[in-house]
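*Asks:* heads up, no residue letters with this:
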Ligand code: GP9
Ligand code: MN
């Protein structure tokens, strides 16, 4: 055997001093470069408006790749190469799966999606149409680089195994190599961490303060963290909520919740002898959820012109609840949807649609389907928003018609104008098997309420070009859209065959009271402010204009499903719901026992309004007379029992949602 001279050995060792770290870094850098190309390609192909990848996003993406691969630097050369090849294959598969999923659902795959079979299964039939030739770029490196590299590594390992002694002289001090690998790995980790942490932290401090708490859309997370960052966070979120958080629930808690829901169900059961129970059996149900539609605009005029002329007219032939309130929290539109269709309280943080879409619920669509109805939901926006694709599948709808199902022939705000949205939705309803339940979610009156010039038809005077003025214009437009919708339903003959209803989802997020006071013409005390902030219309039109009138009894979104089931004669005595029917033959009789509970613990029963203190101290809470707004001083305990009952309602609701106990509350 040829033993190299001492000087040759030294030269080789010197070369390896520089070459080894370089070699160590070269392959991960190549890996990061290749994967960055795929992430950019992904971003171009999904093409989310206002979210195109910029230079900062590119650095964040490089950071996530560094975090995914830093540990490979601790492995010996062949091991590192194999690990990087495997990592490339896995990450490419994830990115490409996301792309396919996005093309269908306008959303990214999350852990709950994978747990919910129906969701991914829906892709099956359309998979062919979701593939594109340009996608081959995702796999080009596999062919040109990885395959030859894998073959090379394979033969290298084999020859090394055969002649281990021949190369041994090349190995300088093993300890030194190990230290270099360790340092290189740690350096890459720190670099990756900083590249991800700094921009995410900056976003959280500025425009995306609620990014991780009240998250509403996977794509908004993607916009900050990139696709791999999103999956990292999604995994963490799932593990935290399902495995690490104290998820134990005691038998005593379950018994208390059971008793609570049984008592509420018994109240509904007692009303089954009511004359209106089942009076509208078999009728279609058309329910509209109107974006940011508050009730303070109803029956008001601007410079002599009615702000909501069509609704005012409709109220004349419908049941109008003038003391009806939204019960939403951070989950905004999705909370309203949950309240109205599931009759449970929203969570104190985040949205049930996002956090617990894999749990079971007693929902209006499913219950109606169990009674022979077809149930469809219509909303002309991206199906992934508020995790609707998943949640609607879970709630039992037959179809979710999202943005892809509509022609955007009247672009307004985020998407399609409500006029065209309603029109196109009715076109579908006409061909639907009856009886049906149609749930329509409008969008044109979404913050910041900026309508195209052609749709601004209300003279808002001094409010012109203010947020409040824009809001009034948007409301006026939505009112006109409802007017056309009612005409359309009458023309198709569906009007008399249906219970037609609408309600607002939440307030308009305008927090200064001056424009409200100027509009209403008087100053507003705390009770009035609360009632305006939470007040939304609830209008129910029954066939033949039956029972039309204005009803002052208090009600809230959680009462919508029980009200519908009552009219249709479907028992909800074994359903885990909080609300009670609002439309009964003798509504006044019920009034004294009705309590509308809000997420922060506030409540009203029509006599008092209890507002808990923001600092949580009971002595700072307020108890007002509901109608006069005067603080109740005669009886300091007037709100105490109601406040305690409100807390019990919220606790029972949270318990069944978070621990997936809805279906186990009643023996069925
Ligand atoms: C979007 C719409 C708006 O699909 O429902 O949601 P919001 O921002 O009002 O919660
Ligand atoms: Mn909304």
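*Replies:* Noted; the coordinates are in hand. Bear in mind that the values here come from a model prediction, so they are computed numbers and not experimental data. Ligands and ions are numbered 1, 2, ... in the order given.
*Asks:* residue ranges of each domain in the protein, please.
*Replies:* Domain ranges of the chain: 6-205, 251-664, per automatic domain parsing.
*Asks:* which of these is buried the deepest?
*Replies:* Most buried of the domains of the chain by mean neighbour count (mean count of other C-beta atoms under 10 Å) is domain 251-664; its value is a mean of 19. No exception for glycine: its C-beta is placed from N, CA and C like everyone else's.
*Asks:* got the end-to-end distance for that domain?
*Replies:* 13 Å (C-alpha to C-alpha, to the nearest Å).
*Asks:* returning to what we had before: need the domains of the chain in a markdown table with mean pLDDT and distance to residue 231, can you?
*Replies:* Putting those into a markdown table (pLDDT from 0 to 100; distance: least, C-beta to C-beta, whole Å) gives the following:
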| stretch | mean pLDDT | distance to residue 231 |
| --- | --- | --- |
| domain 6-205 | 83 | 6 |
| domain 251-664 | 95 | 15 |
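*Asks:* go through these and name the closest to residue 234.
*Replies:* With C-beta to C-beta as the measure, domain 6-205 is the member of those nearest residue 234 (4.8 Å).
*Asks:* ok, is the closest one in contact with ligand 1 or not?
*Replies:* No: Domain 6-205 lies out of reach of ligand 1 by C-beta under 6 Å from any ligand atom, never closer than 10.8 Å.
*Asks:* tell me which parts of the protein are close to ligand 1?
*Replies:* Checking the chain against ligand 1 by C-beta under 6 Å from any ligand atom, the hits are 291, 332-333, 379, 381, 385, 441, 443, 446.
*Asks:* so which of those residues also contact ligand 2?
*Replies:* Among those, proximity to ligand 2 is found for 291, 333 (C-beta under 5 Å from the ion).
*Asks:* what's the closest of the residues of the chain next to ligand 1 to ligand 2?
*Replies:* residue 333 (3.3 Å; C-beta to the ion).
*Asks:* so that closest one is in which element?
*Replies:* Take DSSP states H and E as the rule and residue 333 turns out to sit in helix 332-342.
*Asks:* redo the domains of the chain as JSON lines? Include distance to residue 220.
*Replies:* Listed next are the domains of the chain as JSON lines, based on distance: least, C-beta to C-beta, whole Å:
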{"stretch": "domain 6-205", "distance to residue 220": "8"}
{"stretch": "domain 251-664", "distance to residue 220": "9"}
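*Asks:* residue 217: which of those is closest?
*Replies:* Here domain 251-664 is closest among the domains of the chain (C-beta to C-beta), at 5.4 Å.
*Asks:* and the residue nearest the centre of the chain, backbone torsions?
*Replies:* Centroid-nearest residue in the chain, with C-alpha atoms, centre = their mean: residue 386, separated by 2.1 Å. The phi and psi values for residue 386, taken as degrees, to the nearest 10, are phi 60, psi 20.
*Asks:* show me the contacts for it.
*Replies:* If you count contacts by C-beta atoms under 8 Å, 6 or more residues apart in numbering, residue 386 has them with 216-217, 331, 333-334, 337, 351, 353-354.
*Asks:* let's go with 6 Å and repeat that
*Replies:* Neighbouring residues of residue 386 by C-beta atoms under 6 Å, 6 or more residues apart in numbering: 334, 353.
*Asks:* now it: how far from residue 331?
*Replies:* 8 Å (C-beta to C-beta, to the nearest Å).
*Asks:* again, but for residue 666
*Replies:* For residue 666, the distance to residue 331 - C-beta to C-beta - is 26 Å.
*Asks:* can you lay out the residues of the chain next to ligand 1 as JSON lines showing secondary structure and distance to residue 540?
*Replies:* As requested, the residues of the chain next to ligand 1 are exported to JSON lines (DSSP: H, G, I helix; E, B strand; the rest coil; distance: C-beta to C-beta, whole Å):
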{"residue": "291", "secondary structure": "coil", "distance to residue 540": "19"}
{"residue": "332", "secondary structure": "helix", "distance to residue 540": "24"}
{"residue": "333", "secondary structure": "helix", "distance to residue 540": "21"}
{"residue": "379", "secondary structure": "coil", "distance to residue 540": "21"}
{"residue": "381", "secondary structure": "coil", "distance to residue 540": "26"}
{"residue": "385", "secondary structure": "helix", "distance to residue 540": "28"}
{"residue": "441", "secondary structure": "strand", "distance to residue 540": "18"}
{"residue": "443", "secondary structure": "coil", "distance to residue 540": "22"}
{"residue": "446", "secondary structure": "coil", "distance to residue 540": "24"}
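*Asks:* residue 537: which of the residues of the chain next to ligand 1 is nearest?
*Replies:* For these, the nearest to residue 537 is residue 291 (12.8 Å; C-beta to C-beta).
*Asks:* the closest one: what's it in contact with?
*Replies:* Residue 291 neighbours (C-beta under 6 Å, 6+ apart): 442-443, 445-446.
*Asks:* now for the residues you listed: which two are most distant?
*Replies:* 442 and 446 (8.9 Å).
*Asks:* looking at this, residue 53 is in a strand?
*Replies:* No: judged by DSSP: H, G, I helix; E, B strand; the rest coil, residue 53 forms no part of a strand; its state is coil.
*Asks:* what secondary structure does the closest residue to it other than its chain neighbours sit in?
*Replies:* Among residues not flanking residue 53 along the chain, residue 43 sits closest, at 4.2 Å (C-beta to C-beta, 6 or more residues apart in numbering). Secondary structure for residue 43, judged by three-state DSSP, is helix.
*Asks:* quick one: residue 43 from ligand 2, how far?
*Replies:* 28 Å (C-beta to the ion, to the nearest Å).
*Asks:* surely that residue and residue 54 touch.
*Replies:* No: assessed by C-beta atoms under 6 Å, residue 43 is found out of contact with residue 54, at 10.0 Å.
*Asks:* so how far is residue 93 from residue 36?
*Replies:* Residue 36 is 17 Å from residue 93, by C-beta to C-beta.
*Asks:* how far does stretch 596-609 sit from the chain's center?
*Replies:* 26 Å (C-alpha atoms, centre = their mean, to the nearest Å).
*Asks:* near ligand 2, which residues of this protein show up?
*Replies:* 291, 333, 505.
*Asks:* redo that, cut-off 6 Å
*Replies:* Listed as neighbours of ligand 2 in the chain under the rule C-beta under 6 Å from the ion: 291-292, 332-333, 505-506.
*Asks:* which one of those residues sits closest to residue 72?
*Replies:* residue 332 (42.6 Å).
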